[in-house]
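1. after the sequence you'll find the predicted model.
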Amino acid sequence: MKKLGFGCMRLPLKNKKIGGSVDLERTKEMVDCYLGEGFTYFDTAYMYHDGRSERSVREALVKRYPRESFLLADKMPVGMLVTKGDTGRIFRHQLKRCGVEYFDYYLLHALNAKYLEKAERLGVFEYLQAKKAEGKIKKLGFSFHDSAEVLDRILTRHPDMEFVQLQINYLDWEDEKVQSRLCYEVARKHGKDIIVMEPVKGGKLADVPEKVKTLFNEVHPDWSEASWAVRFTAGLDGVICVLSGMSNMAQLKDNMSYMKDFEPLGERELNLLKTAAGIINNKDSIPCTCCRYCTAGCPVDIPIPEYFTAYNKKLAGDSNYKEYFESSTDKKGRAEQCIRCKKCEQACPQHINIAEKLAEIKDII
Ligand code: SF4
Ligand code: SF4
């Protein structure tokens, strides 16, 4: 398959404010364009767009194209499981919500040490292997957010996992918390296919500081900033697909332009990315990828990623940060209302001390 995957976690919205409904007509246009250029891989999940991603996939893709003309990936939300019966109930709901008889790729979602223990205790691996034997799943794997040591533990205990989905981008490659490179090396050691998520780090690498833009433009003035990031991951051995959560046609067309006949980066470009990472990795910025896993459980509805994005914009010298903040947080909870329950922190794959950070930045934005 071609290596660009259509991530369905940031679909175009009718109303740009948080929780806005998916713009189905624009999604259909993007799906048509993507398939028309020979790309095939769509990635959704139970909680993306609060369940609307799976429904949008059904309407924009499944109902309009023959099942064998595309590959569909979905994920079991291990974090939401409470009893053994939940796994089957959610799996059946996903098949129905997507309108399909089977998934081509199916993942345990966001495994870490804690969710590994839970998935084992609730028999999730066994349940999904049984679904694979029934033909409801073609390939079984997991997405992952923890240390390389935990990844090694999972792959050693579950050698039947066929692929792993890792957070890889040039900024996190040597990051001590994310451990992109170390996780990549563990997956390679176990001989697993790799799917890359967050290649542009939630959009952060599409909007780099001026100094980095200048460096990039000196070498390839016709390349977008995001394309540098996607190209970095797509060129790694063992990577079969790079997911991009595209929100509009311009992003899709840009990605397809270089991923159609993909050429890996050369040594010069790779060295330049190391320099770029050093410039971008301002030690004060908050490593939020805007995945929104934290927001569903917040009892006071604080728009956590919008707070962090506005703060990072301010740090990067973006004078529009206030306007962005006000338009994207209207009618939502305020950081001052945080009761420090830390439900959000349990869900955060980037291990951000959210309550503490909100307290730190609430008066600065
Ligand atoms: S710690 Fe604060 S931000 Fe996090 S879930 Fe609780 S109230 Fe919401
Ligand atoms: S704070 Fe964490 S969970 Fe919330 S959007 Fe950012 S990275 Fe995702």
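-> Perfect, thanks for sending it. Ligands and ions are numbered 1, 2, ... in the order given.
2. all strands for the protein, in order.
-> Along the chain, counting by DSSP state E, strands occupy 4-7, 41-43, 71-76, 103-111, 137-144, 163-167, 193-197, 239-244.
3. dump the ones you listed to JSON lines, plus mean neighbour count.
-> C-beta: built from backbone N, CA, C; applies to glycine. Listed next are those as JSON lines, based on neighbours: other Cβ atoms under 10 Å:
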{"stretch": "strand 4-7", "mean neighbour count": "27"}
{"stretch": "strand 41-43", "mean neighbour count": "25"}
{"stretch": "strand 71-76", "mean neighbour count": "24"}
{"stretch": "strand 103-111", "mean neighbour count": "25"}
{"stretch": "strand 137-144", "mean neighbour count": "22"}
{"stretch": "strand 163-167", "mean neighbour count": "25"}
{"stretch": "strand 193-197", "mean neighbour count": "23"}
{"stretch": "strand 239-244", "mean neighbour count": "24"}
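4. of these, which is nearest residue 300?
-> For the strands of the chain, the distance to residue 300 is smallest for strand 103-111, at 23.5 Å, taking Cβ to Cβ.
5. distance from the chain centre to the closest one, please.
-> Computed by Cα atoms, centre = their mean, to the nearest Å, the separation of strand 103-111 from the middle of its chain amounts to 13 Å.
6. just checking, what packs against that strand?
-> Helices and strands touching strand 103-111, as assessed by 3 or more Cβ pairs under 8 Å, 6 or more residues apart in numbering; DSSP states H and E, comprise strand 71-76, helix 113-121, helix 124-134, strand 137-144.
7. do that again at 6 Å, thanks
-> If you count contacts as 3 or more Cβ pairs under 6 Å, 6 or more residues apart in numbering; DSSP states H and E, strand 103-111 packs onto strand 71-76, strand 137-144.
8. which one of those lies nearest to ligand 2?
-> strand 137-144 (13.3 Å; Cβ to the nearest ligand atom).
9. stretch 109-119 and ligand 2 in contact?
-> No - using Cβ under 6 Å from any ligand atom, stretch 109-119 never reaches ligand 2; the gap is at least 9.8 Å.
10. okay, now the unreliable bits of the stretch 51-200 of the chain?
-> Within the stretch 51-200 of the chain, no stretch has pLDDT under 70.
11. residues of it that sit close to ligand 2?
-> Proximity of the stretch 51-200 of the chain to ligand 2, by Cβ under 6 Å from any ligand atom, involves no residues.
12. and the residue of the stretch 51-200 of the chain closest to ligand 1?
-> Counting by Cβ to the nearest ligand atom, the stretch 51-200 of the chain gets nearest to ligand 1 through residue 79 (13.8 Å).
13. that residue: neighbouring residues, count only.
-> Neighbourhood size, residue 79 [other Cβ atoms under 10 Å]: 18.
14. so who does it touch?
-> With contact set as Cβ atoms under 6 Å, 6 or more residues apart in numbering, residue 79 has no partners.
15. ok, now with 7 Å
-> Residues near residue 79 by Cβ atoms under 7 Å, 6 or more residues apart in numbering: 110, 115, 347.
16. please name the nearest non-neighbouring residue to the second one.
-> For residue 115, ignoring the flanking residues on the chain, the nearest one in space by Cβ to Cβ, 6 or more residues apart in numbering is residue 78 at 4.4 Å.
17. that neighbour against residue 120, yeah?
-> No - with contact defined as Cβ atoms under 7 Å, residue 78 does not count as touching residue 120 (10.3 Å).
18. more neighbours, the two?
-> residue 78 (23 against 14).
19. list the contacts for residue 173?
-> By Cβ under 7 Å, 6+ apart, the neighbours of residue 173 are 180, 181.
20. one more pass at 8 Å, please.
-> Shown in contact with residue 173 (Cβ atoms under 8 Å, 6 or more residues apart in numbering): 180, 181, 277.
21. cool, residue 212 as well?
-> 225, 276, 279, 280.
22. may I see the PyMOL selection of the buried members of the residues you listed?
-> In PyMOL syntax, the buried subset of the contacts of residue 212 is picked out as below (16 or more other Cβ atoms under 10 Å):
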select buried, resi 225+276+280
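23. can you tell me which of the contacts of residue 212 comes closest to ligand 2?
-> Using Cβ to the nearest ligand atom, the contacts of residue 212 come closest to ligand 2 at residue 280, 16.5 Å.
24. surely the closest one meets residue 208?
-> Yes - with contacts counted by Cβ atoms under 8 Å, residue 280 reaches residue 208, the gap being 5.9 Å.
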